[in-house]
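Peer 1: Pasted the sequence and its predicted model underneath.
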Amino acid sequence: MLDVTLFKDRRFSAASGAVTLTFFALAGFIFLITQYFQFVRGYGTLSTGARILPVAICIAIASVIGAILAPRIGTKVVVATGMTLFGAAFLWIASVDVNTSYAHVIVPQMILMGLGMGFISTPATESILLVLPPSRAGVGSAVNDATRELGGTLGVAVVGSVFSSVYAAHLGEGLFGRLPGGALAQARDSVGAATAMATTGQLHHAFENAFMAGLHTSCLVIGIVCWVGALGSAVFLPGRIRPVAGLEAPPALEPVCA
């Protein structure tokens, strides 16, 4: 169903790559931030979900703005700017600590992230779909969805692996390394188990240090990946979106009266 030679078109391949990297970063962020809010900050499940809403709201707003700007200043500029903002948000998140203010620091970080993702998603999706004729729009939509799924899957896998490796290494170097039996192995395998074991102030502090080390390293990796994506978007994406020859929109349908 998919002609793989479509990836020779920069609009198609570069836009697909931008969407993949965006959802790679988003999935990694959700994986990390939910654990940070629940296990480090002690928020409940519903409270954690509510605190992530600034990202969703800003994505919705920036998606509309991105759709307006792309035809005027070019897909390249909008998507590259979005990837840059996205990466900057993660590099900023890499500096948070256990007691960072939610309202004054974390919310602005989420706003920056949401704006960046909104600028990427709509122009990149349009770039993918405009490569195909209207009769094959379903194929383009499927490719767009596949890039999101691929990016999200890789995000959890790669970011989760980076976090787990750094977290486990730091946990073993602290007081958890002195616990009897298989307690250390359980704490390394599960952040929730480590939280339950951290019954003293010193153990809890050791857990927080290990978790934040994993969070910081993971966010640095995501931020660098996003900035590489920004560079790639600036190089490979075309300027303004122009439908290829023969892809003009069909005439409007006349209303039919029964």
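Peer 2: Looks like it arrived, so ask away. Numbering: from 1, shown residues only.

Peer 1: how about the CA coordinates for stretch 153-167, as CSV?
Peer 2: Output of stretch 153-167 as CSV, limited to C-alpha atoms (Å, rounded to 0.1, in the frame of the first residue of the first chain):
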residue,chain,number,x,y,z
THR,A,153,7.4,3.2,21.5
LEU,A,154,11.0,4.1,21.0
GLY,A,155,10.7,6.9,23.5
VAL,A,156,9.5,4.7,26.3
ALA,A,157,12.1,2.0,25.4
VAL,A,158,15.1,4.2,25.0
VAL,A,159,14.4,6.8,27.6
GLY,A,160,13.3,4.1,30.0
SER,A,161,16.5,2.2,29.5
VAL,A,162,18.6,5.3,30.0
PHE,A,163,16.7,6.2,33.1
SER,A,164,16.8,2.7,34.6
SER,A,165,20.6,2.3,34.0
VAL,A,166,21.5,5.6,35.6
TYR,A,167,18.9,5.2,38.4
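
Peer 1: Please identify the buried residues of that stretch?
Peer 2: Buried residues in stretch 153-167, counted by 16 or more other CB atoms under 10 Å: Leu154, Gly155, Val158, Val159, Gly160, Val162, Phe163, Val166, Tyr167. Every C-beta, even on glycine, is put in place using the N, C-alpha and C of the backbone.

Peer 1: again, but for stretch 97-116
Peer 2: Buried-residue list, stretch 97-116, by 16+ other CB under 10 Å: Ile106, Val107, Gln109, Met110, Ile111, Leu112, Met113, Gly114, Leu115, Gly116.

Peer 1: Verify the contact between the second one and Pro54 for me.
Peer 2: Yes: with contacts defined as CB atoms under 8 Å, Val107 counts as touching Pro54 at a distance of 5.3 Å.

Peer 1: Now render the buried residues of stretch 153-167 as TSV, adding distance to Ser13.
Peer 2: Below are the buried residues of stretch 153-167 laid out as TSV (distance: CB to CB, whole Å):
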residue	distance to Ser13
Leu154	17
Gly155	20
Val158	21
Val159	24
Gly160	27
Val162	26
Phe163	30
Val166	33
Tyr167	35
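
Peer 1: Dump the buried residues of stretch 97-116 to a markdown table, plus distance to Thr81 and secondary structure.
Peer 2: Shown next, in a markdown table, are these (distance: CB to CB, whole Å; DSSP: H, G, I helix; E, B strand; the rest coil):
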| residue | distance to Thr81 | secondary structure |
| --- | --- | --- |
| Ile106 | 22 | helix |
| Val107 | 21 | helix |
| Gln109 | 17 | helix |
| Met110 | 18 | helix |
| Ile111 | 15 | helix |
| Leu112 | 12 | helix |
| Met113 | 14 | helix |
| Gly114 | 14 | helix |
| Leu115 | 9 | helix |
| Gly116 | 8 | helix |
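
Peer 1: any idea which of the residues you listed is closest to Thr147?
Peer 2: Nearest to Thr147, judged by CB to CB, of the buried residues of stretch 97-116 is Gly116 at 17.1 Å.

Peer 1: Go ahead and confirm the closest one touches Phe90.
Peer 2: No: using CB under 8 Å as the test, Gly116 is too far from Phe90 to be in contact (9.5 Å).

Peer 1: residues shared between the contacts of these two?
Peer 2: Cys226 (CB atoms under 8 Å, 6 or more residues apart in numbering).

Peer 1: Just checking the distance from stretch 168-183 to the centre of its chain.
Peer 2: Counting by CA atoms, centre = their mean, to the nearest Å, stretch 168-183 is centred 31 Å from the centre of its parent chain.

Peer 1: what sits up against that stretch?
Peer 2: With CB under 8 Å, 6+ apart, stretch 168-183 has contacts from 184, 187-188, 194, 197, 202-203, 206-207, 209-210, 213-214.
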